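1. fold the following, please.
(chains A and B)
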Number of protein chains: 2
Amino acid sequence: MRQVYREELNAISEGLVEMANLVGSLIGLATTALLDADLQLAETVISADRRVDERQRNLEGRAIAVLARQQPVATDLRIVVTSLRMSADLERSGDLAQHVAKLARMRYPQRAVPRDLRRTVLEMGQLAQRLMAQAAEVIITGDVKAALQLEQDDDRMDELHRAVFQHLMDEQWQHGVETAVDVTLVGRYYERFADHAVSVAQRVVYLVTGERADELPPDI
Amino acid sequence: MRQVYREELNAISEGLVEMANLVGSLIGLATTALLDADLQLAETVISADRRVDERQRNLEGRAIAVLARQQPVATDLRIVVTSLRMSADLERSGDLAQHVAKLARMRYPQRAVPRDLRRTVLEMGQLAQRLMAQAAEVIITGDVKAALQLEQDDDRMDELHRAVFQHLMDEQWQHGVETAVDVTLVGRYYERFADHAVSVAQRVVYLVTGERADELPPDI
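-> From the prediction side, this is the model:
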């Protein structure tokens, strides 16, 4: 019985890692679709979101089954409840990747992002993907330091987000209001995606230490 | 023992209703702060978000305590797990009200929303507040029809959101890029707030019927 139980908890954890890897890949593909105005790639991301949703439902079902059958307490209970929250973060991240892809599709064959912002948006996309890969790693390793590092790496996303806004507010902006609206939304999608990756890592910290990341002393 | 258990479940449910009422009020205040450039009101909303977060932590703690002590199964287990998700929706709604208020503060003493969009944004704010009040009602009553009605009422939010975009894309737009960016974000905050209200109601439907709202036949 105990053996089966452990296996179920491991399967949930593996499911979360797979889901994080999936949404990390999707934000990468969505970024390429956006910057290259690649309609086919955009469609791929948009339709793949259904798979993300299925995985979330599947994970939720497993977590609830463990609660019902095994009635975990203490740490195990925390693991299961935290898994539910992580799967919600990852599901939402998939939505955000889909939003980026939908914007690419909406503007096709034009490109939604003007040339002078391509580099910034590319870095946002790559960073979003990397943060999610780090979050997946943190789920596997339970490494609190790596989780807190991820939070620091997210500062770069905030910098990039601010840079996008500064560029928009620049009087030299020549791309009109429609593009400004597109770029505003894109910036927000990436920033929120990164927030969810950070959130996943913070939940691991909470599992490992029993404390929320923002309550930990800064030197840990 | 059973009696205490029922009381705990009721307390969680009441906590959710209070939280929904709180964030509903906050989005209302934030809207006034935004449209009237009322700095004091904006500060009130911004600082009140901490109370929303505290309530969420409190509710989560209670829910986890029920899982650990009472080890609920079947319907009761679903109630507790669903409560966790609802409290996350409501916490996020509080963040969105805070975002609206922060925008009001950032542009003070100017108004972030130009005159010709005030009426639309006012309706978005009022609708957001009403949808959240309906969600609170649905938590109390468990009324599936009212929950599905709420989803239909949310269609109006989508209409308003589209109207904002159309206005932005209009060649007559004279308010510059900064205001376009502000209005884009405001529109998205209200739309997301409404989505969370709908999500809360859908979770009640799931509790009552055991089915997700999108799987129900349309005539229910």
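
2. next, count neighbours for the residue lying closest to A:Thr209 once chain neighbours are set aside.
-> In this structure, A:Thr209 finds its nearest non-sequential neighbour in A:Val144, 6.2 Å apart by Cβ to Cβ, 6 or more residues apart in numbering or on different chains. All C-beta spots, glycine's among them, are computed from the backbone N, C-alpha and C. Taking other Cβ atoms under 10 Å in any protein chain shown as the neighbour definition, A:Val144 ends up with a count of 20.

3. flag every residue of chain A that's near chain B.
-> When proximity is defined by Cβ under 8 Å from any Cβ of the partner chain, chain A lies next to chain B at A:64, A:67-68, A:71, A:73-74, A:77-78, A:81, A:84-85, A:88, A:165, A:168-169, A:173, A:177-178, A:180-181, A:184-185, A:188.

4. let's see that with 6 Å instead.
-> Residues of chain A that fall close to chain B, judged by Cβ under 6 Å from any Cβ of the partner chain: A:64, A:67-68, A:71, A:73, A:77, A:81, A:168-169, A:173, A:177-178, A:180-181, A:184.

5. who touches A:Tyr190 in this structure?
-> If a contact means Cβ atoms under 6 Å, 6 or more residues apart in numbering or on different chains, then A:Tyr190 has A:124, A:128 as its contacts.

6. mean confidence score for stretch A:151-161?
-> Taken as a whole, stretch A:151-161 has a mean pLDDT of 97.

7. repeat that for stretch A:209-220.
-> Confidence over stretch A:209-220 (mean pLDDT, whole number) is 60.

8. for chain B, what's its nearest residue on chain A.
-> Closest residue of chain A to chain B, Cβ to the nearest Cβ: A:Gln71 (4.1 Å).

9. please work out how many residues are found near that residue.
-> Other residues within reach of A:Gln71, judged by other Cβ under 10 Å, total 16.

10. ok, back up a step: hang on, the residue nearest to A:Thr209 packs against A:Tyr206?
-> No. Using Cβ atoms under 6 Å, A:Val144 is not in contact with A:Tyr206, being 10.0 Å away.

11. show me where chain A has helices.
-> A:2-36, A:39-70, A:74-107, A:115-141, A:144-169, A:176-209 (DSSP state H).

12. which one of those helices lies closest to B:Ala37?
-> Proximity to B:Ala37, assessed across the helices of chain A by Cβ to Cβ, is greatest for helix A:144-169 (19.2 Å).

13. for that closest one, buried residues please.
-> A:144, A:146-148, A:150-151, A:153-154, A:157, A:160-161, A:164, A:167-168 (16 or more other Cβ atoms under 10 Å in any protein chain shown).

14. with stretch A:65-73 instead?
-> Judged by neighbour count using 16+ other Cβ under 10 Å, the buried positions of stretch A:65-73 are A:66-68, A:70-72.

15. taking those residues together, which two end up most distant?
-> Among the buried residues of stretch A:65-73, the pair separated by the greatest distance (Cβ to Cβ) is A:Ala68 and A:Pro72, at 10.4 Å.

16. could you dump stretch A:42-59 to CSV, C-alpha only?
-> Below are the C-alpha coordinates for stretch A:42-59, written out as CSV (Å, rounded to 0.1, in the frame of the first residue of the first chain):
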residue,chain,number,x,y,z
ALA,A,42,1.2,29.6,-34.3
GLU,A,43,-1.6,27.1,-35.1
THR,A,44,0.6,24.3,-33.5
VAL,A,45,0.8,26.2,-30.2
ILE,A,46,-2.8,27.2,-30.2
SER,A,47,-4.0,23.6,-30.7
ALA,A,48,-1.4,22.2,-28.3
ASP,A,49,-3.0,24.2,-25.4
ARG,A,50,-5.7,21.5,-25.3
ARG,A,51,-3.1,19.0,-24.4
VAL,A,52,-1.9,21.2,-21.5
ASP,A,53,-5.5,21.4,-20.3
GLU,A,54,-5.9,17.6,-20.5
ARG,A,55,-2.7,17.1,-18.5
GLN,A,56,-3.9,19.5,-15.9
ARG,A,57,-7.2,17.7,-15.5
ASN,A,58,-5.4,14.4,-15.4
LEU,A,59,-3.1,15.6,-12.7
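
17. which sections of chain A are below the confidence cut-off?
-> Applying pLDDT under 70 to the predicted model, the residue ranges of chain A that meet it are A:1, A:212-220.

18. distance of A:Gln149 from A:His161?
-> Relative to A:His161, A:Gln149 is positioned 20 Å away (Cβ to Cβ, to the nearest Å).

19. please enumerate residues in contact with stretch A:83-96?
-> For stretch A:83-96, contacts defined as Cβ under 6 Å, 6+ apart pick out A:12, A:16, A:19-20, A:23, A:49, A:52, A:56, A:59, A:63, A:189, A:192-193, A:196, A:199-200, A:203.

20. pull the CA atoms of that stretch into CSV?
-> Taking only C-alpha atoms (Å, rounded to 0.1, in the frame of the first residue of the first chain), the coordinates of stretch A:83-96 have been written out as CSV:
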residue,chain,number,x,y,z
SER,A,83,0.7,20.0,-6.7
LEU,A,84,-2.8,21.2,-7.3
ARG,A,85,-1.6,24.8,-7.2
MET,A,86,1.3,24.1,-9.4
SER,A,87,-0.8,22.5,-12.1
ALA,A,88,-3.0,25.6,-12.1
ASP,A,89,0.1,27.8,-12.6
LEU,A,90,1.2,25.6,-15.5
GLU,A,91,-2.2,25.5,-17.1
ARG,A,92,-2.3,29.3,-17.0
SER,A,93,1.2,29.5,-18.5
GLY,A,94,-0.1,27.4,-21.4
ASP,A,95,-2.9,29.9,-21.9
LEU,A,96,-0.3,32.7,-22.1
